[in-house]
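1. no FASTA, just this:
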């Protein structure tokens, strides 16, 4: 049962959409509902010991899980399929922008910024295609970004923040280091952001 | 209106707008104008709140424009060539190579603890079906051949059994005939008495059929008696053989018997 769950989780993680407990119960655990927590714990241990992956519950209310990499980052080329790498690049840029701007930005501010990088919501992008869909749907479903409407705004506006997966897979410190590298400055240049990243 | 302009921390436009609103309010005497004034205050306070937020995050003055330009540099933008686009006015000029985002993408995984996507090494199952299909086809052909072969064999068996059955019947009838003659050697049996089954026409026909075998094989003979009614008597083997070779006489007799006659 445990190995079945491990396989199930590995396959389900392909799309990077959080895995719901209900799905696990229906497809793998079925009759063994009572042993659910035991099976999940053992699966988590297997994932850690065999694959170096950590099973993290990101939604304690609705019981959803993601897999993150627990191994120290290896040097060298990463094997990625399709547009995975480029999407990660765009995501990193967006997460950096959000953090440096105080952990929350308005949609108009974000798109204004992306426009400078030749990425526009209305136009088909040569690499990303429908960028608006990628950012507002795919990244949100994968829990990398969280979009919430701003109350009392007409026309409705939204604020963008880091999603729970982003919180687990990266850190403010990592992101600050990225910005520092790009801008050729020391992370301490941005004092308050640096302090916040260190405190995290 | 001019929301972004007002948000700019360096501008005092919000303050100016508030001051103007104050002045205007003195001249207000109708309810509608007062309502407009109230609306204005709501919007102004929202803007004020946003400005306060911006103040907090801009404590270390993160310049997003500079960040964007540095990113473009990182992505390998060629600023000497000017790209001909419609909105080339507000976007920093330069030619962005097609692998721009791949460059960033190469850097990105270092900052994430992303679980590698799990894929089966050997790919999906697609490659398998054709092979079993061929095997199945070959097997089918092979088994069909066997089946066909089995069939004729079976048929032969049936035919044989038929023949056996016939032969057995013929033998039986012969024995009956012989037994009868043993008991009463000089009285030949009326053919019809012999073959007719009072209860079954079909049986009668069968009996005639079997008797014909006997005559064909020379084991019995049918003669006509004084009344020109056929009689049947067995032939002793020695007699029959001799007679046949000498006379070579073989007569064909057609006896018709239908149900009404039989009755």
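-> Done, it's in. Since this is a predicted model, take the numbers as computed values, not measurements. Numbering: from 1, shown residues only, chains lettered A, B, ... in the order given.
2. contacts, neighbours, all on C-alpha from now
-> Fine.
3. and the pLDDT at the spatially most central residue of chain A?
-> Centroid check for chain A by Cα atoms, centre = their mean gives residue A:144 as the closest residue, at 2.9 Å. Predicted confidence (pLDDT) at residue A:144: the value is 95.
4. next: residue B:85.
-> With respect to pLDDT, residue B:85 scores 53.
5. again with residue B:123
-> We have a pLDDT of 57 for residue B:123.
6. for residue A:109, give its distance to chain B.
-> 10 Å (Cα to the nearest Cα, to the nearest Å).
7. next, that residue: secondary structure please.
-> The three-state assignment at residue A:109 reads helix, by DSSP: H, G, I helix; E, B strand; the rest coil.
8. pull the number of nearby residues for it.
-> By other Cα atoms under 10 Å in any protein chain shown, 17 other residues sit near residue A:109.
9. I'd say the residue nearest to the centre of chain A and residue A:160 touch.
-> No: counting by Cα atoms under 8 Å, residue A:144 stays clear of residue A:160, with 10.5 Å between them.
10. buried residues, the helix or strand hosting residue A:41. List them.
-> Here residue A:41, judged by DSSP states H and E, is contained in helix A:36-46. Within helix A:36-46, the residues scored as buried using 16 or more other Cα atoms under 10 Å in any protein chain shown are A:36, A:39-40, A:42-46.
11. pLDDT of that helix, averaged?
-> pLDDT averaged over helix A:36-46 gives 88.
12. between helix A:36-46 and the helix or strand just after it, find me the angle.
-> Going down the chain from helix A:36-46, the next helix or strand is strand A:53-59, by DSSP H and E. With axes from the mean of the first three to the mean of the last three Cα atoms, to 10 degrees defining the directions, strand A:53-59 sits at 140 degrees from helix A:36-46.
13. tell me the helices and strands packed up against strand A:53-59.
-> Judged by 3 or more Cα pairs under 8 Å, 6 or more residues apart in numbering or on different chains; DSSP states H and E, strand A:53-59 is in contact with strand A:64-69.
14. helix or strand right after the strand it packs on?
-> helix A:84-100.
15. ok, and what's touching that following helix?
-> Outside helix A:84-100, the residues that touch it by Cα atoms under 8 Å, 6 or more residues apart in numbering or on different chains are A:104-105, A:110, A:127-128, A:139, A:160-162, A:172, A:175-176, A:178-179, A:193, B:57, B:62, B:64, B:101-102, B:104-109.
16. and for stretch A:61-69?
-> For stretch A:61-69, the external contacting residues (Cα under 8 Å, 6+ apart) are A:13, A:16-21, A:52-59, A:165, A:168-169, B:113-116.
17. do that again at 10 Å, thanks
-> Applying Cα atoms under 10 Å, 6 or more residues apart in numbering or on different chains, the contact partners of stretch A:61-69 are A:9-10, A:12-14, A:16-24, A:44, A:47-48, A:51-59, A:142-143, A:164-165, A:168-170, B:112-117.
18. buried residues, it. List them.
-> Buried-residue list, stretch A:61-69, by 16+ other Cα under 10 Å: A:64-69.
19. count the neighbours of residue 19 for me.
-> I went with chain A, as the question did not name one. Around residue A:19 there are 20 residues (other Cα under 10 Å).
20. was after chain B, sorry
-> By other Cα under 10 Å, the residues close to residue B:19 number 11.
21. can you check the pLDDT for it?
-> Looking at residue B:19, its pLDDT is 78.
22. and it, what element?
-> Going by DSSP H and E, residue B:19 is in helix B:13-26.
23. got it, and residue A:148?
-> With DSSP H and E as the test, residue A:148 turns up in strand A:145-150.
24. so stretch A:173-193, near chain B or not?
-> Yes: Stretch A:173-193 reaches chain B (Cα under 10 Å from any Cα of the partner chain) through A:173-175, A:177-184, A:189-193.
25. quick check on those residues: which are buried?
-> Buried among the residues of stretch A:173-193 next to chain B (16+ other Cα under 10 Å): A:173-175, A:177-180, A:182-183, A:190, A:192-193.
26. quick check, nearest of those to residue B:182?
-> Closest to residue B:182 out of these is residue A:174 (122.2 Å), distances taken as Cα to Cα.
27. which SS state does that closest one fall under?
-> Going by three-state DSSP: residue A:174 is helix.
28. list the contacts of it.
-> A:92, A:96, A:180, A:197, B:110-112.
29. farthest pair in these?
-> Taking Cα to Cα as the measure, the contacts of residue A:174 have their most distant pair in A:197 and B:110, spaced 17.2 Å apart.
30. walk me through the domains of chain B.
-> B:1-56, B:160-234 (the TED database).
31. sort out which of the contacts of helix A:84-100 are in strands and list them.
-> Counting by DSSP state E, the contacts of helix A:84-100 place A:105, A:160-162 in strands.
32. what's near enough to touch the residue of chain A positioned farthest from its centre?
-> Distance from the C-alpha centroid of chain A peaks at residue A:31, with 32.6 Å (Cα atoms, centre = their mean). Neighbouring residues of residue A:31 by Cα under 10 Å, 6+ apart: residue A:25.
33. how is chain A carved up into domains?
-> A:1-69, A:83-169.
34. lowest-confidence stretch among those?
-> Of all these, domain A:1-69 carries the lowest average pLDDT, namely a mean of 87.
35. for it, the distance to its chain's centre please.
-> Its chain's C-alpha centre and that of domain A:1-69 lie 18 Å apart, by Cα atoms, centre = their mean, to the nearest Å.
36. try stretch A:165-183
-> Between the centre of stretch A:165-183 and the centre of its host chain there is 12 Å, according to Cα atoms, centre = their mean.
37. name the nearest of the ones in strands among the contacts of helix A:84-100 relative to chain B.
-> Of all those, residue A:105 has the smallest distance to chain B: 9.9 Å, by Cα to the nearest Cα.
38. surely that closest one and residue A:160 touch.
-> Yes: the criterion here is Cα atoms under 10 Å, and residue A:105 meets it with residue A:160 at 5.3 Å.
39. please enumerate the strands of chain B.
-> For chain B, the strands defined by DSSP E cover B:189-190, B:220-224, B:230-234.
40. between these, which one is closest to chain A.
-> strand B:220-224 (83.7 Å).
41. now the angle from the closest one to strand B:230-234?
-> Relative orientation of strand B:220-224 versus strand B:230-234 (the same axes, to 10 degrees): 150 degrees.
42. strand B:220-224 pairs with which strands?
-> Strand B:220-224 has the following strand partners under DSSP bridges: strand B:230-234 (antiparallel).
43. residues that sit against both of residue A:105 and residue A:160, list them.
-> Here residue A:105 and residue A:160 have A:98, A:147 as joint contacts, going by Cα under 10 Å, 6+ apart.
44. what about the two, which has more around it?
-> residue A:160 (22 against 19).
45. identify the residues contacting the residue nearest to that one when sequence neighbours are not counted.
-> With sequence-adjacent residues excluded and distances taken as Cα to Cα, 6 or more residues apart in numbering or on different chains, residue A:160 is closest to residue A:147, at 4.7 Å. Counting by Cα under 10 Å, 6+ apart, residue A:147 touches A:104-107, A:135-137, A:139-140, A:157-163.
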